[in-house]
Structure formats: C-alpha cells, structure tokens
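> the amino acid sequence is not available; the structure is as follows:
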C-alpha cells in the first residue's frame, strides 16, 4: 500500500490535470450533444499525436505503432457498429447520442500510458528493453486505432 501512495504522490500535477480533463470530456459524452463535425475528431487526433510522439523515440517502434493504428482502425471500421449521429441540416452540426464508450476509451488509453510510465520510473532499464518499447506501442496503437474507428463511425451514419 505504501508503494501505491508513493506512486500517487510522485505523479506530476499535469498528469492529474490530463486525467481530470479526460474524465470531464468523457462524462460530457454520456449525454446527447450537438457539436460541429470537426469537434469529435479532437480527442482521437490528440491521442494520435501523443502516441506518435511517445513512439518516436525509435523509428522502428514508431513504424510498428503506425502499422498497428492503421490495422486496428481498419478492423474497427469493419467490425464496430455505427454510433448514432444525425446531422442537423439547419445548423450543419452533428447530434450525437450519449455513450459510455468515449469515456472508457480515453481513460483506458490514459491508464495504460500511466502504468507504463510508472513501471519505467520504478525500473528505468525497462525503457531500453525491446519488450517495453514494442509492447506498449502495439497496445497503444491498437487502442488508438480502435478509438479513432469508433469516432469515425459517426461519419458513416
């Protein structure tokens, strides 16, 4: 229990701010909302940027991450049900039904990144271990691709 408390105390303030922001964004998505079409792309785009930056420490890791993003996006497009959205012709805005999925995707991606960062902080040599370079890149690439596919499904409706 002491280790958990130390980890939580050692977590930088900006990490808590990001988590709180993601939870707020996710909770807002629990209710029906009316947004401009580009607004729904902000969260997936942010996760794409964060994933690319965190994978860019090695060209090969970045390439693996990018390939997994593309494959998981394609698989998500082929297998995920369309989310419910309609277009308000008068305002040219999307009317999106509430869903718990965006909250789960965002907190899940954050949580996985957090655990990886903590593990590397506890044992810094993990940062150079190929398993700890490629494993997170594959998992985060898959989560990011599926999250993007789930968001993109709004445009198929």
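Looks like it came in fine. Keep in mind the model is a prediction, meaning the values are calculated, not measured.

> out of the helices and strands in this structure, which is least certain?
Among the helices and strands of the chain, strand 85-88 carries the lowest confidence by mean pLDDT, DSSP states H and E, at a mean of 82.

> in that strand, which residues are buried?
Neighbour-count burial for strand 85-88, counted by 16 or more other CB atoms under 10 Å, picks out residue 85. The way it works is simple: take the backbone N, C-alpha and C, and place the C-beta from them, glycine included.

> which neighbours does it have in its sheet, and in what orientation?
Here strand 85-88 is paired, per DSSP bridges, with strand 93-96 (antiparallel).

> which residues are in contact with the residue lying closest to residue 35 once chain neighbours are set aside?
The shortest distance from residue 35 to any non-neighbouring residue, by CB to CB, 6 or more residues apart in numbering, is to residue 94 (5.5 Å). Applying CB atoms under 8 Å, 6 or more residues apart in numbering, one finds that residue 94 lies in contact with 34-37, 40, 85-88, 154.

> need those residues in CSV (columns: distance to residue 9).
As requested, these are arranged in CSV below (distance: CB to CB, whole Å):
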residue, distance to residue 9
34, 41
35, 37
36, 40
37, 42
40, 36
85, 42
86, 47
87, 47
88, 47
154, 39
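
> ok, residues contacting stretch 126-144?
Residues from elsewhere that reach stretch 126-144, judged by CB under 8 Å, 6+ apart: 44, 47-48, 51, 54-55, 57-58, 61-62, 64-69, 72, 105, 108-109, 112-113, 116, 119-120.
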